[in-house]
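Novice: have a look at this prediction, sequence included:
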Amino acid sequence: MQKTPNKHLPLLVIFLFTFAIYGVTLFNDYALDDLMVIKQNAFTLKGVSGIREIFAYDSFTGFWGKEKKLVAGGRYRPFSIATFALEKSIVGGLNPMLSHLINILLYALTGFMIFLIFSKFGKAPPGQDWYLGLPFLAAMLFIAHPVHTEVVANIKGRDEIFALLFPLVTLWLTILYIEKPGIILIILANLSFFLGLLSKENAIMFVVIVPLAVYYFFRAPLKKSLLLAVPLAVTAMAFVFVRFLVLGQVFSSGIPRELLNNPFLDATADQRFGTIMYTLGLYIKLLLFPHPLTHDYYPYQIPLVSLTDIRSLIPVFLYSAMIFYVIYRFTKKEIVVFGIAFYLLTLLIVSNLLFAVGTFMNERFIYMPSLGFVIIMIYLIAVKLPSRIKNKAVSRIVVLAILFPALILFSIKTYTRNQVWKDDFTLFTTDVLVSENSIKCNISAGGDYINKAVKEADTIKKMEYFGHSMQYLEKALRLAPSSINALVLYGNLNALYLKDYKKAIEQYFKVLYIDQSNEPAMSNAMRILESVDNQKDCPYKIRAYQFLLKINPGNSDIYYNIGRLYGRYAGNLDSATLFLEKAIKLSPGDIKAYKDLGIICSMKKDFPRAIELFKTAAALDPKDIQVKQNLEVTYRIMQREKK
């Protein structure tokens, strides 16, 4: 072990360091996917009473209100969502500060586990300072790395934290079992592993990593190490079985042909594998130089490239070299080999090579693999490099000269990046400057600028926000002309900002050509058509309503509005009668069609029918003064007609 003046001092430093760079997130609001798992998740909002449903359905069901297979294999990650429901019950409502605090504590605990585990993996060189040892430096570099900000600062990222933390606890308990065997340790180790799997599926790779770590660092025979994998494999199979019972599928299934959930849609095999290798290269770049960072790597921020492209050829060479090195040096039991193996194994499951993960890449996907990267870097810099320098004082200076600036720069980047996660508006409008070719990010920024403008009292600022919204939504539509979300928002923008209701309706109609069941497009078009009431636009509005009628022939409001237009502005009483009668037939409890049809019948001098309609309207709403007046006037007219 390293020279340590106090065995708790390294843990205290790790704890304080974590809060120093992540404490700013305590004042952040919910952001991004927090909407799906917390703010608008019906199961989470029930509190403890919703936990049963959280474990009984796909993780998106509480948000959508129904089973909706948006990504391959579905998503079954109930444990972290259950903790959000528990928080809701404890404090009696939603409290982002509490959620952020818990994420920071869990992240610090992950740093503790890294320190404790690697403190067990062999002894440090005699006389080495504890703060220059691999366990402490690995924990510190891991905590500081900026690519982890998405996981910690986004409350939803708790699934990623759990997916690494629980398996690390499993590894720690396995180490304790090796030192002093006991069945309770094996039970606890597998329980922890199961909780990791319930948090996120990629924890399953620890079925291989745990015995691999034992084989490497405890000099155990391979056969004995593999025996430790047996209970873990049984636990993994139990999880897969539970997952199958809930979702009806294991890890792969067909998904909708939608670009934002399947970025390789219509890509050739060459483009698919070329782009995958390109993203794997970007992961290495982000680990070495984490700038710029963004939450969005959706199409077309990541371009499709072929395997012959230099951007994919370089990663092919690098990863081939890593695989070859692991195979060639496997029996040498070197820390670097373990680090590479850890990185490759944990990255494989989110790489798109085994199955589609719903996007090209994400910074949160390298949260777990980054531990392998950290192990490699710290070993090479803090262990291997000093062994080549005979003078200990010089070696200490060299190590500090490399790692101290790296920790400082990483910490500054992490601290500033955490501020970007303040809320959706800050996140979207910042990251769209990085993910400028992402359809999704342009739509998100455009939509949030609309929300900002609607709430803004200052006219100049309001117009400025609307202008930014138009810039990003038009960019999104240039990238993807048939994007439903972009078209709906662009329609809203034309209605609110430009006051061009015809152009707004045009956007909604484009959506309905693509998806006739799109409720926002239908309801927004109806609302705008109903709000504009003049004779000049009557022919246009009738044509618009007739288009909507083809899509939704059972909508009584459409029939009513067409009938009203024919009667009030077009002077076509027969057509007005036809449409209003259809509206009554479809919705016999809706008073407005009876009132208008009664007036039409009076105009056509069908007074008995008019009185009948007004009486029905009066029965539906006895307090409607206008109906009583119409009824009284109609009786008078009937008397005059008789005389």
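Specialist: Ah, there it is.
Novice: quick one: contacts of the host helix or strand of residue 210?
Specialist: Secondary-structure assignment from DSSP states H and E places residue 210 in helix 206-217. Residues outside helix 206-217 that contact it (CB atoms under 8 Å, 6 or more residues apart in numbering): 120-122, 167, 170-171, 174-175, 178, 193, 196, 220-222, 225-229, 232-233, 236, 333, 335, 337-338, 341-342, 345-346. In this view, the C-beta of every residue, glycine as well, is placed from N, C-alpha and C.
Novice: show me how far that helix is from its chain's centre.
Specialist: In terms of CA atoms, centre = their mean, to the nearest Å, the centre of helix 206-217 is set 32 Å apart from its chain centre.
Novice: for it, what does the pLDDT average out to?
Specialist: Over the span of helix 206-217, the pLDDT mean works out to 93.
Novice: after that helix, which helix or strand is next?
Specialist: helix 222-227.
Novice: show me what counts as buried in the next helix or strand along the chain from that following helix.
Specialist: Counting by DSSP H and E, the next helix or strand C-terminal to helix 222-227 is helix 229-247. Buried residues in helix 229-247, counted by 16 or more other CB atoms under 10 Å: 229, 231, 232, 235, 236, 239, 240, 242, 243, 246, 247.
Novice: ok, of these, which one's closest to residue 409?
Specialist: Nearest to residue 409 out of the buried residues of helix 229-247 is residue 232 (CB to CB; 37.7 Å).
Novice: contacting residues for that closest one?
Specialist: 170, 189, 190, 193, 206, 207, 210, 211.
Novice: what subset of the contacts of helix 206-217 is buried?
Specialist: For the contacts of helix 206-217, a burial check counting by 16+ other CB under 10 Å picks out 120-121, 167, 170-171, 174-175, 178, 193, 196, 220, 225-226, 228-229, 232, 236, 335, 337-338, 341-342, 345-346.
Novice: and those, which of them are in helices?
Specialist: 120, 167, 170-171, 174-175, 178, 193, 196, 225-226, 229, 232, 236, 335, 337-338, 341-342, 345-346 (DSSP state H).
Novice: residues of the longest helix seen in the chain that come out buried?
Specialist: Using DSSP H, we find that the single longest helix of the chain is helix 392-420. Residues 395, 398-399, 403, 407, 410-411, 413-415, 417-418, 420 are the ones in helix 392-420 that count as buried (16+ other CB under 10 Å).
Novice: ditto for stretch 505-522
Specialist: For stretch 505-522, burial by neighbour count (16+ other CB under 10 Å) applies to 505, 506, 507, 508, 509, 510, 511, 512, 518, 521, 522.
Novice: continuing past the longest helix of the chain, what's the next helix or strand?
Specialist: helix 424-431.
Novice: for that next one, name the packing helices and strands.
Specialist: In terms of contacts (3 or more CB pairs under 8 Å, 6 or more residues apart in numbering; DSSP states H and E), helix 424-431 is packed against helix 392-420, helix 439-455.
Novice: which among those helices is found nearest to residue 499?
Specialist: Once the helices and strands packed on helix 424-431 are compared by CB to CB, helix 439-455 is nearest, at 13.5 Å.
Novice: make TSV out of the buried residues of helix 229-247 and add distance to residue 352 and pLDDT.
Specialist: Converted to TSV, these look like this (distance: CB to CB, whole Å; pLDDT from 0 to 100):
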residue	distance to residue 352	pLDDT
229	26	92
231	31	95
232	25	97
235	26	97
236	22	96
239	22	96
240	20	94
242	25	94
243	20	92
246	24	90
247	20	86
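Novice: could you point out which element follows whatever helix or strand residue 475 lives in?
Specialist: According to DSSP H and E, residue 475 maps onto helix 459-479. Per DSSP H and E, the first helix or strand lying C-terminal to helix 459-479 is helix 484-493.
Novice: average pLDDT across that next one?
Specialist: For helix 484-493, mean pLDDT rounds to 95.
Novice: contacting residues for residue 614?
Specialist: Here residue 614 is in contact with 594, 595, 598, 627, 630, 631, 634 (CB under 8 Å, 6+ apart).
Novice: does the last one touch residue 609 like I think?
Specialist: Okay, so that is residue 634. No - contact criterion CB atoms under 8 Å: residue 634 and residue 609 do not qualify, at 10.1 Å.
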